[in-house]
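Asker: Structure for the following, please:
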Amino acid sequence: MKSLTLLWREVANELAAWCCTSTTLDFKTVESRVKHEGLSFLTITLPTFGKDFEKSLDQGKVDRCLFQGFSWKGGLPQFLGGFLDRVFDRGTGRLVDEPCIDSIFAIRQLTLMFGKMLLPCSDARVAAAMKGYIDCEQEVRRADKRTTSEDCEAFRRMSALLFRDVFTKVDSDIYNGDILPKHGPGSTAERISGNSKYSQSVWPDRLESIFNFVDYALPNPRHHRLLDRVDFLEPGSETPVRVISVPKTLSTPRIIAIEPVAMQYMQQGLMEKFVDYLEQDHLVRDMIGFTDQVPNQDLARKGSHSGDLATLDLSEASDRVSNQHVREMLHNWTWLNQAVDATRSRKADVPGFGVIRLAKYASMGSALCFPMEAMVFLTIIFLGLQAEHKRQFTRKDVQSFAGRVRVYGDDLVIPVDHVRSVVEALETFGFQVNQGKSFWNGKFRESCGKEYYDSHDVSIVRCRRSFPTQRSDVLEIISFINLRNRLYEHGLWMTAKWMDERIREDLRKVIKAYPTVLPTSPALGRISHLSLVDSEVKWDPKLHIPLVRGLVVSAIKPRDWLNGEFALLKWFLKRGDEPFADRDHLERHGRPDAVDIKLRWVSPF
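Answerer: Reported below is the predicted structural model:
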């Protein structure tokens, strides 16, 4: 905590110099409260202050109900007052005519920097998150019951208007057997990983009804003798998804669900088709995205300047997509509807609650979760737009919103004039708009990890891990150097210099080499716009290039042998004409069990 507090001080001092103010008293406040409240002040209390600041920017004034736990002077909190005075009027609390952009960035940087550190939550917070998962499931059921037949019919018509060409193509591919499945890199419900995924011995009957094992899980029908070792599961015997928590913030973890091997195998094949067709479709390709966040970010930037585009964020977005939404959306495409239903896990094993039956379509962890939620959200957005215009839309009407509507996961961009009707449509179908992360009134906008105020980028640098203390803290060393470089790239050069000094003085036994490199270098080192004057350099006599001595990340994949028929299957499932990048992929495969760093001579470029 002391190291993080000192980092806060260095960032505060540098930003104070930017804005011609002082943070001496602010640091005393941080130091005192960290001493009494612990790490939670940096990771929970300060981020709450930052979120309240964003709300104030959106409202155009500071509300007295915000910034709880901090003393006030006039119409503003005293903490970070030097920056706040350059954004809001202390007497009235209202936004000044020309707020200081550097001060907006400074307040966000100093309050949100530690908000998403990868630290485990307490058992009580994890249990509360699991309870929230169950509560959300019940809310999905209640929302399904509230949905009228008229709402379902409107939803079905709008989704067909938007996606009929895409659905027809995927439906045809399923009918013709043109789905090429694949295994993802992550864990599975059965805890099977790496090459072992290819020798599948369990296959649900529901999956067999549309994707038979011989055609999709064997190299070719000549190997049908392997069916003798396959256990075909009836619906009641299927393996449920395994619900787990992963670090998100210290106040609440992220809840995800790990799918069984067979399910994720076919989900990946379907997902690939959906993504390809959606991003190529002439009607919706400019309104929905899966591989590139930049269009959403550009619209957020434009909206922050013009004020005619809003950015919406949804609470528990994935978990509130009902299976009924997906069934209605795919109602008119028989093969597609059956395939998506067959690859959906119907039960979940939730710690503390046992195995439950799911009303949601899927949680994060399913390969189809992302495309399905995006299509559902885009459909509902246009239902809201249609309601505002009080007539049924045509494809021409849809095209007229290109450049003003876009969906990337649960990050939505819509016209400000239609916020009310879109929010009402989302709530009609059981979704909740996150008011704290949705913006449409002022000049602050956020989408896909980028934040803007009046077209100025005010995105911050986040500290993800604690500082390293020993050589074995590999992830912390990597994170520390990456943090230093991101601060440098954001113009916080004095803070970057302070971190350089920490490495050379306090951490010299932990980080034994620290060269100056370019971002493309394999070595962990400091990025600089200057030359390599402070680095130990030698010349490669064969390649005739300079070399620097630095730490290089080394990750050895676990030993996992694959041979025979299933090695052949892996080759048939490979995408593209190029050979496997890893020559040892049949001997070692999967995510590394651990990451190491080794001292080597490598190129600084």
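
Asker: CA atoms for contacts and neighbours, from now on please.
Answerer: Will do.

Asker: pull the helix or strand with minimum mean pLDDT from the protein.
Answerer: Here the helix or strand of the chain ranked lowest by mean pLDDT, DSSP states H and E is strand 537-539, holding a mean of 86.

Asker: Skip ahead from the helix or strand Asp349 falls within and say which helix or strand is next.
Answerer: Element membership for Asp349 (DSSP states H and E) is strand 347-350. Under the assignment DSSP H and E, the closest C-terminal helix or strand after strand 347-350 is strand 354-357.

Asker: List the buried residues for the helix or strand just after that next one?
Answerer: Elements were assigned by DSSP H and E; along the chain past strand 354-357, the next helix or strand is helix 369-389. Residues 369-387 are the ones in helix 369-389 that count as buried (16 or more other C-alpha atoms under 10 Å).

Asker: now do stretch 479-497
Answerer: 479-488, 492-497.

Asker: what's the answer for stretch 7-18, then?
Answerer: Within stretch 7-18, the residues that count as buried by 16+ other C-alpha under 10 Å are 7-16.

Asker: and which of the residues you listed is nearest to Ser193?
Answerer: When these are compared for distance to Ser193 (C-alpha to C-alpha), Leu7 wins out at 39.3 Å.

Asker: Regarding the closest one, what is its secondary structure?
Answerer: Under DSSP: H, G, I helix; E, B strand; the rest coil, the three-state class of Leu7 is helix.

Asker: Contacts only, for it.
Answerer: Thr495 (C-alpha atoms under 8 Å, 6 or more residues apart in numbering).

Asker: and the gap between it and Arg484?
Answerer: 11 Å (C-alpha to C-alpha, to the nearest Å).

Asker: what's the answer for Asp52, then?
Answerer: On the measure of C-alpha to C-alpha, Asp52 and Arg484 end up 27 Å apart.

Asker: Then Gly194?
Answerer: From Gly194 to Arg484 the distance is 34 Å (C-alpha to C-alpha).

Asker: so Val140 makes contact with Arg320?
Answerer: Yes. Contact status for Val140 versus Arg320: in contact at 5.9 Å, counting by C-alpha atoms under 8 Å.

Asker: what's the overlap in contacts for the two?
Answerer: 360, 430.

Asker: Could you pull out the buried residues of the lengthiest strand in the chain?
Answerer: When the chain is scanned for its longest strand (criterion: DSSP state E), the result is strand 546-555. Within strand 546-555, the residues that count as buried by 16+ other C-alpha under 10 Å are 546-553.

Asker: Looking at the residues you listed, which is nearest Gly132?
Answerer: Out of the buried residues of strand 546-555, the member with the shortest distance to Gly132 (by C-alpha to C-alpha) is Val553, at 38.2 Å.

Asker: so where do the strands sit in the stretch 151-300 of the chain?
Answerer: Ranges of strands in the stretch 151-300 of the chain, per DSSP state E, counting those that start in this stretch, are 202-204, 231-233, 241-246, 254-258.

Asker: what are the ranges of the helices in the stretch 101-250 of the chain?
Answerer: 101-112, 123-146, 149-175, 205-208, 213-217 (DSSP state H, counting those that start in this stretch).

Asker: my hunch is that Arg486 is in a helix, does that hold up?
Answerer: Yes. Looking at Arg486 with three-state DSSP, it is inside a helix.

Asker: if I look at it, how far off is Pro592?
Answerer: Taking C-alpha to C-alpha, one finds Arg486 at 26 Å from Pro592.

Asker: about what we covered before: check which strands are paired with the longest strand of the chain and give the direction for each one.
Answerer: strand 523-524 (antiparallel), strand 537-539 (antiparallel), strand 595-602 (antiparallel) (DSSP bridges).

Asker: just how off-centre is the shortest one within its chain?
Answerer: Relative to its chain's centre, strand 523-524 lies at 26 Å (C-alpha atoms, centre = their mean, to the nearest Å).

Asker: Helix or strand next in line after that strand, which one?
Answerer: Next along the chain from strand 523-524, counting by DSSP H and E, comes strand 526-527.

Asker: follow-up on the earlier one: which one of the helices of the stretch 101-250 of the chain lies closest to Asp349?
Answerer: Per C-alpha to C-alpha, nearest to Asp349 of the helices of the stretch 101-250 of the chain: helix 123-146, 10.8 Å.

Asker: ok, and what's touching the closest one?
Answerer: For helix 123-146, contacts defined as C-alpha under 8 Å, 6+ apart pick out 245, 251-255, 319-322, 324, 350-352, 358-360, 428-430.

Asker: What subset of these is buried?
Answerer: 245, 251-253, 255, 319-322, 324, 350, 358-360, 428-430.

Asker: you'd agree Glu10 is up against Thr495?
Answerer: Yes. Applying C-alpha under 8 Å, one finds Glu10 in contact with Thr495, separated by 5.6 Å.

Asker: ok so, going back, tell me the gap between the strand holding Asp349 and the middle of its chain.
Answerer: The answer for strand 347-350 is 23 Å, by C-alpha atoms, centre = their mean.

Asker: What is that strand packed up against?
Answerer: In terms of contacts (3 or more C-alpha pairs under 8 Å, 6 or more residues apart in numbering; DSSP states H and E), strand 347-350 is packed against strand 241-246, strand 354-357.

Asker: pLDDT on it, on average?
Answerer: The average pLDDT for strand 347-350 rounds to 96.

Asker: Within the sheet, what are the partner strands of that strand, with directions?
Answerer: Short version: by DSSP bridges, strand 347-350 pairs with strand 241-246 (parallel), strand 354-357 (antiparallel).

Asker: where does Val413 land in three-state SS?
Answerer: Once three-state DSSP is applied, Val413 turns out strand.

Asker: Then Leu312?
Answerer: With three-state DSSP as the criterion, Leu312 reads strand.

Asker: That one contacts Gly436, doesn't it?
Answerer: No. Counting by C-alpha under 8 Å, Gly436 is not a contact partner of Leu312; they are 9.6 Å apart.

Asker: So the two - more neighbours on which side?
Answerer: Leu312 (25 against 15; other C-alpha atoms under 10 Å).

Asker: burial count for the nearest residue to Ala189 once chain neighbours are set aside?
Answerer: Nearest non-adjacent residue to Ala189, counting by C-alpha to C-alpha, 6 or more residues apart in numbering: Pro260, 4.6 Å away. As a burial measure, Pro260 scores 23 neighbours (other C-alpha under 10 Å).

Asker: Please report how far Pro260 lies from His183.
Answerer: When Pro260 is compared with His183 (using C-alpha to C-alpha), they lie 11 Å apart.

Asker: ok, now Val202?
Answerer: Between Val202 and His183 the distance is 15 Å, computed by C-alpha to C-alpha.

Asker: Pick out whichever of those two has more residues nearby.
Answerer: Neighbour count, other C-alpha under 10 Å: between Val202 and His183, His183 has more, with 21 against 17.

Asker: Could you check how far the more buried one is from Leu518?
Answerer: On the measure of C-alpha to C-alpha, His183 and Leu518 end up 34 Å apart.

Asker: cool, and Val510?
Answerer: Taken as C-alpha to C-alpha, the span from Val510 to Leu518 is 22 Å.

Asker: In this structure, where is pLDDT below threshold?
Answerer: Applying pLDDT under 70 to the chain picks out residues 531-535.

Asker: coming back round to it: right, so the strands paired with strand 347-350: which one is the most enclosed?
Answerer: strand 241-246 (a mean of 20; mean count of other C-alpha atoms under 10 Å).

Asker: which residues are contacting that one?
Answerer: 120, 126, 189, 253-260, 345, 347-351.

Asker: can I have that strand written out in PDB, keeping just the CAs?
Answerer: The C-alpha trace of strand 241-246 is given here as PDB (Å, rounded to 0.1, in the frame of the first residue of the first chain):
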ATOM      1  CA  VAL A 241     -21.600 -24.900 -17.000                       C
ATOM      2  CA  ARG A 242     -19.300 -24.200 -14.100                       C
ATOM      3  CA  VAL A 243     -19.900 -20.700 -12.600                       C
ATOM      4  CA  ILE A 244     -16.800 -19.000 -11.200                       C
ATOM      5  CA  SER A 245     -15.600 -15.600 -10.200                       C
ATOM      6  CA  VAL A 246     -12.600 -13.800 -11.700                       C
END
